[in-house]
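Asks: prediction below, plus the sequence it came from.
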Amino acid sequence: MARIRQVAVLFPLARAHLTRLLRGITDYAGQHADWTFHVSPEQPNASIRVLSGWRGDGALAMVNRAADAKVARGLDMPVVNLSAALREAGLPRVTVDHCAVGRLAAEHLLERGFRRFGYYGLRRVWYAQQRGRGFISALAERGFACAKMQDNSSLTTGRAWRDSHDLLRNWLRTLEPPVGVLAAHDYRAAMVIDACRELGLRVPDDVAVLGVNNETVICEFCGVPISSVSRNDHKVGYEAAALLDRLMQGRSAPVDEILVPPDEVVLRRSSDVMAVDDPAVETAAKYIRERLAEDIDIDQLARLVSLSRRWLQHRFKKCLGMTLHEFICRERVERAKQLLISQRKTRLGQIAQACGFSETRQMRKAFERIEGATPTQLRRDKASGGNDLTVSEGDSLIFPTGKS
């Protein structure tokens, strides 16, 4: 029988996206390996330096500083880096595809009808630069410019918090509403929402705000719940554990880092709006979204906005790049996705009815065309990868996985 390997996990466990990452790690170990995990009980942000002299077999760590990267490279064990704070750390790395995060954010805001954009990034943080690069390049491909603000990388350096808020407010004043803003992560997205409130800007009507990481506490605690790009952390953790297993067996590391694409935008109030310059299209879109469960009569909708059916169709296509039918279908699929995840025990037929589909088969066909998967597959994927471990900051985890 293969011996149990001792694996150190060095990253804070209290954040939701990192506990999802840890779930991926433990799922891999439970299926393929026999590991015992070690986490410092009183140092949730422990440096890699604590592993000096430790007689373990390997480590999974967030290596955020050049000094820590140097220490990690000198350890007598393989270390897999899960952080993209540094452009180069000289370590095998598994991380989310941050450029793809930015591109997904751009697609979301474009689908919401936005034509003016901003990116609130961070200096000297590689993942933030990559997210901004993906966001801005995706918009440029569609012919749109993006204003950019780069703030200091940390609010913990003794600089007054007010300084960042002042800079952020001044930048927001330069943006013409309606505008869609991507923030480097959810905590900065919350700062954008606070600054908008102080300036009298409405979220999402004047400024739609999108974060990254899907930190459920900060996203749902905020005065306006924050839409956020989910990073597919379970998959990142699973692939990182697989790579560490490979390295602990004496096999070589891949030449390139392993990048995992993000999975979706989790829609909340901060971007739940249609931004269009055409009042008739805006009114029609709002009417549709408020009545998705009903049988929507296009002729009645046209009368509501005092247009002919043909002219309403033309203006919808011009403003949103899709037909009225396609818009209704996409909104119903988006609503169904939310219900599938939040109401896991609700039957598919009930969800289809609640979203305006005539039957489950119609909903399934719409999902396959728009999402590339069935409702059942989406629900199963979220159930396997989306459960958070219940861990409080400072907890120690030691999990004998019980499989070899």
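Replies: On my side now, so go ahead.
Asks: residue contacts, the residue nearest to V179 when sequence neighbours are not counted?
Replies: Using Cβ to Cβ, 6 or more residues apart in numbering and skipping residues adjacent in sequence, the residue nearest V179 is R116, 4.3 Å away. Using the backbone N, CA and C atoms, a C-beta is placed for each residue, glycine as well. Contact analysis of R116 by Cβ atoms under 8 Å, 6 or more residues apart in numbering lists 144, 175-180.
Asks: low pLDDT regions in the stretch 101-250 of the chain?
Replies: Applying pLDDT under 70 to the stretch 101-250 of the chain flags residues 153-163.
Asks: do the same with the stretch 301-404 of the chain
Replies: Short version for the stretch 301-404 of the chain, where the test is pLDDT under 70: 382-404.
Asks: tell me where it has helices.
Replies: 309-320, 324-342, 348-354, 360-370, 375-385 (DSSP state H, counting those that start in this stretch).
Asks: give the other helices and strands that the longest one contacts.
Replies: Pointing back at helix 324-342 there. Packing partners of helix 324-342 (3 or more Cβ pairs under 8 Å, 6 or more residues apart in numbering; DSSP states H and E): helix 279-290, helix 309-320, helix 348-354, helix 360-370, helix 375-385.
Asks: list of residues touching the shortest one?
Replies: Taking Cβ under 8 Å, 6+ apart as the criterion, the residues outside helix 348-354 that touch it are 293, 335-336, 339-340, 343, 358-360, 362-363, 375-376.
Asks: among the residues you listed, name the buried ones.
Replies: Buried subset of the contacts of helix 348-354 (neighbour count, 16 or more other Cβ atoms under 10 Å): 335-336, 339-340, 360, 363, 375.
Asks: turn the residues you listed into a markdown table, including distance to R347.
Replies: A markdown table is the format used below for the buried ones among the contacts of helix 348-354 (distance: Cβ to Cβ, whole Å):
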| residue | distance to R347 |
| --- | --- |
| R335 | 16 |
| A336 | 12 |
| L339 | 11 |
| L340 | 11 |
| T360 | 9 |
| M363 | 12 |
| P375 | 11 |
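Asks: out of those, the closest to A72 would be?
Replies: L340 (40.3 Å; Cβ to Cβ).
Asks: and that closest one, how far from V333?
Replies: Remark: distance between L340 and V333 (Cβ to Cβ, to the nearest Å) = 10 Å.
Asks: just the buried residues out of the contacts of R116, in ChimeraX syntax.
Replies: To isolate the buried members of the contacts of R116 in ChimeraX, using 16+ other Cβ under 10 Å:
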select :144,175,178,179,180
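Asks: mind listing which of the contacts of R116 are in helices?
Replies: The members of those all map outside helices under DSSP state H.
Asks: how about JSON lines for the contacts of R116, with distance to I370 added?
Replies: As requested, the contacts of R116 are arranged in JSON lines below (distance: Cβ to Cβ, whole Å):
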{"residue": "F144", "distance to I370": "23"}
{"residue": "L175", "distance to I370": "31"}
{"residue": "E176", "distance to I370": "31"}
{"residue": "P177", "distance to I370": "29"}
{"residue": "P178", "distance to I370": "25"}
{"residue": "V179", "distance to I370": "26"}
{"residue": "G180", "distance to I370": "21"}
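Asks: what's the most distant pair in the contacts of R116?
Replies: Longest span within the contacts of R116, Cβ to Cβ: F144 and P177, 15.5 Å.
Asks: what about the strands in the protein?
Replies: Using DSSP state E, the strands of the chain run over residues 5-10, 35-38, 58-61, 79-81, 94-96, 117-122, 147-151, 179-183, 207-212, 227-230, 258-260, 264-266.
Asks: now those as TSV including distance to K317?
Replies: Shown next, in TSV, are the strands of the chain (distance: least, Cβ to Cβ, whole Å):
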stretch	distance to K317
strand 5-10	51
strand 35-38	54
strand 58-61	49
strand 79-81	47
strand 94-96	34
strand 117-122	22
strand 147-151	28
strand 179-183	21
strand 207-212	22
strand 227-230	25
strand 258-260	35
strand 264-266	23
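Asks: out of these, the one nearest G102 is which?
Replies: Once the strands of the chain are compared by Cβ to Cβ, strand 179-183 is nearest, at 6.9 Å.
Asks: each with direction, which strands does that closest one pair with?
Replies: Note on strand 179-183: by DSSP bridges, its sheet partners are strand 117-122 (parallel), strand 207-212 (parallel).
Asks: same question for the first one: list its buried residues.
Replies: Meaning strand 117-122. 117-122.
Asks: ok and it relative to strand 147-151, angle-wise?
Replies: 10 degrees (axes from the mean of the first three to the mean of the last three Cα atoms, to 10 degrees).
Asks: starting at the chain centroid, how far to strand 117-122?
Replies: The chain centroid and the centroid of strand 117-122 are separated by 15 Å, computed with Cα atoms, centre = their mean, to the nearest Å.
Asks: now do stretch 255-262
Replies: Its chain's C-alpha centre lies 16 Å from the corresponding centre of stretch 255-262 when counted by Cα atoms, centre = their mean.
Asks: relative to S47, which of the buried ones among the contacts of helix 348-354 is nearest.
Replies: Of those, the one sitting nearest to S47 (Cβ to Cβ) turns out to be L340, at 40.9 Å.
Asks: ok, the spatially closest residue to that closest one that is not a sequence neighbour - how many residues close by?
Replies: Distance criterion Cβ to Cβ, 6+ apart; nearest residue to L340, sequence neighbours excluded, is R379 at 4.7 Å. R379 sits with 20 neighbouring residues when counted by other Cβ atoms under 10 Å.
Asks: R379 against I341, yeah?
Replies: Yes: between R379 and I341 there is a contact under Cβ atoms under 8 Å: 7.2 Å.
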